[in-house]
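In: here's my sequence, what's the structure:
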Amino acid sequence: MESCIWLAIFIVPNTFQSIALLMLIFSFFQNAILAQFEGVTLFWLGDQKAKLYGKIRKWGSVGFIVGVFVIGALLEIVPISMLPILLLIIASLAFIWSFTIREPDGAPTSQKKLESLLPVLKRPTVAAFFTIE
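Out: Got it, this is the predicted structure:
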């Protein structure tokens with residue numbers, strides 16, 4: 001979805017309102033996926049959560065800072081108008097990389113096979129979740 005939003009920035013009119021709407025949509029989906037990746041990370045760590053989670057967060061922060069510096073240095077060389085293209089490339093690479101994430105060996109078999117969405121939405125716990133959200 002993130003790649004589609006960065007691609008849409010080249011299609012929508014270049015007005016404040018259209019770019020602001022795209023950024024709102026981007027933030028909505030980006031914030032939603034972050035919590036899911038936290039859950040995936042914790043699930044992957046299993047019994048080693050206490051030992052490794054802090055290290056993962058630390059190196060994730062270091063990687064973010066390095067990434068910001070690299071993009072900043074790149075923007076010293078290329079014009080700022082290239083920023084959406086850089087972000088589209090980064091989002092596309094993240095999308096492709098996400099296919100390398102596999103289920104942990106200890107994952108329940110129900111997680112290894114895809115379930116139809118409608119039965120899941122009909123569960124009382126799912127309905128309660130959407131009600132309180």
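
In: now do the same contact list for the residue positioned nearest the centre of the chain.
Out: Centrality entry for the chain: nearest residue to the mean C-alpha point is I33, 4.5 Å, by Cα atoms, centre = their mean. Residues near I33 by Cβ atoms under 8 Å, 6 or more residues apart in numbering: E2. Every C-beta, even on glycine, is put in place using the N, C-alpha and C of the backbone.

In: what strand or helix carries it?
Out: Element membership for I33, per DSSP states H and E: helix 16-45.

In: tell me the mean pLDDT for that helix?
Out: Per-residue pLDDT over helix 16-45 has a mean of 85.

In: where does pLDDT dip in this structure?
Out: Along the chain, the parts satisfying pLDDT under 70 run over 105-114, 133.

In: quick one: the helices in it?
Out: Secondary structure of the chain (DSSP state H): helices at 2-8, 16-45, 49-77, 83-98, 109-112, 117-121, 124-132.

In: out of those, which one sits most buried?
Out: Per-stretch averages of neighbours, counted by mean count of other Cβ atoms under 10 Å, single out helix 2-8 among the helices of the chain, with a mean of 17.

In: contact partners of it?
Out: Outside helix 2-8, the residues touching it (Cβ under 8 Å, 6+ apart) are 22, 25-26, 29-30, 33, 84, 87-88, 91-92, 94-95.

In: same check on stretch 64-71?
Out: Taking contacts as Cβ under 8 Å, 6+ apart, the residues outside stretch 64-71 that touch it are 83, 86.
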